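Student: Structure for the following, please:
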Amino acid sequence: MARIVFMGTPMFAVPSLRALIEAGHNIVAAITQPDKPRGRGLEPKSCPVKELAMASGIPVLEPAKLRDEAFLERLTGLAPELIAVVAYGKILPPSILKLPPMGCVNLHASLLPKYRGAAPINWAIINGEKETGACTMLLDEGMDTGGVLLCERVAIGEDDTAEDLLKTLSEKGAPLLSKTIGLLLEGAIKPVPQDNSLATYAAMLKKEDGRIDWTKNAQEIKDRVRGLYPWPGAFTTWKGLLKIHIGRVADSTLPAGAGPGTVLGSTDRGILVACGAGVFEITELQPENKRRMSANEFLKGYRISKGERFV
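Tutor: Below is the predicted model:
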């Protein structure tokens with residue numbers, strides 16, 4: 001039975017590790033990012049992959065640096081024939097890529113070559129895509145440029161957030177990875193080179209990416225809000241930072257002369273805001289240092305007048 005090392009860190013990777021365990025693969029170790037301080041007490045907390053691995057009796061390695069000689073010596077000693085990588089969080093150096101004779105197989109949350117990079121789920125939603133998917137590929141030294149093995153398409157719902165889509169792709173990707181590895185072990189699958197001319201890049205998100213540009217049309221603003229939920233979160237400014245959690249394209253007609261970001265009034269569901277084209281209705285929001293609330297709750301506690309501006 002082939003010796004497999006699994007590399008992954010967050011909850012997204014857990015279904016994949018579980019699928020490999022349930023399929024009976026020989027997982028000789030799990031490699032995760034080191035424990036990080038979390039919560040109010042900033043106590044070190046194990047990542048989800050580490051928790052599953054330990055509960056399953058799989059040895060866990062947590063190197064601070066992948067190029068550390070002691071770690072590489074230990075990894076080499078495990079003699080992995082294949083390394084499975086799912087949302088590990090760091091780029092693998094050539095010393096690791098070249099170690100397993102069958103290569104390093106990665107699960108990526110997009111239909112490659114579209115949305116290579118760190119945040120494919122978010123940018124697919126932000127850009128208004130109706131479909132995305134998950135692909136398995138053999139890693140090389142490029143950024144998600146390796147040969148593709150298997151893909152599965154997934155529809156993006158009109159109101160899907162990045163959180164929703166991450167869960168869907170995590171669940172769809174797990175059996176896809178397990179199937180890929182099974183076919184590789186049988187010699188029944190070969191990687192297909194990507195068409196680099198069709199490649200797009202999904203850059204790592206920054207907090208400032210969450211700022212709403214009200215000159216965009218209402219649909220673009222809705223897509224940004226749901227694509228950035230829950231992190232970094234969409235926001236605007238009105239008497240401080242105002243996070244926008246949920247909203248929709250309103251049926252209302254944009255009044256002539258209403259500048260982008262202008263508050264147009266409210267409905268029984270939300271706050272109407274003028275956009276570059278169309279009207280956006282905020283239904284859930286969160287004032288700075290306050291709890292998340294519905295727009296109706298917000299309007300009961302905060303005075304916001306027609307004609308005021310979000311910036």
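
Student: Look at the most centrally placed residue in the chain and give its secondary structure.
Tutor: With distances taken as CA atoms, centre = their mean, I121 lies nearest the centre of the chain, 4.8 Å away. Following DSSP: H, G, I helix; E, B strand; the rest coil, we place I121 in the helix state.

Student: so it touches A109, yeah?
Tutor: Yes: counting by CB atoms under 8 Å, A109 is a contact partner of I121 at 5.3 Å. All C-beta atoms are positioned from the backbone trio N, CA, C, and that covers glycine.

Student: overlap in contacts of these two?
Tutor: Among the neighbours of I121, those also in contact with A109 (CB atoms under 8 Å, 6 or more residues apart in numbering) are 132, 166, 169.

Student: mind giving me the domain split of the chain?
Tutor: The chain resolves into domains spanning 3-202, 207-301 when parsed by automatic domain parsing.

Student: any idea of the mean pLDDT in the shortest one?
Tutor: Averaged across domain 207-301, pLDDT comes to 97.

Student: all strands for the stretch 1-150 of the chain, in order.
Tutor: Using DSSP state E, counting those that start in this stretch, the strands of the stretch 1-150 of the chain run over 3-8, 26-31, 36-38, 43-45, 60-61, 82-86, 104-108, 116-117, 131-138, 148-155.

Student: What angle do strand 131-138 and the last one make with each other?
Tutor: Orientation check (axes from the mean of the first three to the mean of the last three CA atoms, to 10 degrees): strand 148-155 against strand 131-138 gives 160 degrees.

Student: list the buried ones in strand 148-155?
Tutor: 148-151, 154 (16 or more other CB atoms under 10 Å).

Student: what sits up against that strand?
Tutor: Contacts of strand 148-155 (CB under 8 Å, 6+ apart): 105, 111-112, 130-138, 165, 168-169, 172-173, 176, 179-180, 183-184, 189, 191-194.

Student: Would you confirm that E284 contacts A295?
Tutor: Yes: with contacts counted by CB under 8 Å, E284 reaches A295, the gap being 6.8 Å.

Student: the more surrounded of these two?
Tutor: Under the criterion of other CB atoms under 10 Å, the comparison of E284 against A295 puts A295 first, with 22 against 18.

Student: From A199, how far out is the residue lying closest to the more buried one once chain neighbours are set aside?
Tutor: Distances taken as CB to CB, 6 or more residues apart in numbering place G270 nearest to A295, at 4.0 Å, with adjacent residues excluded. Separation of G270 from A199 (CB to CB, to the nearest Å) stands at 38 Å.

Student: okay, those two: which has more neighbours?
Tutor: Between G270 and A199, counted using other CB under 10 Å, the more crowded position is G270 (22 against 17).

Student: How are the helices of the stretch 201-311 of the chain distributed by residue range?
Tutor: 218-227, 295-301 (DSSP state H, counting those that start in this stretch).

Student: what's in contact with the longest one?
Tutor: The list of residues contacting helix 218-227 from outside it, by CB under 8 Å, 6+ apart, reads 122-128, 159-162, 212-214, 216, 234, 244-250, 275, 277-280.
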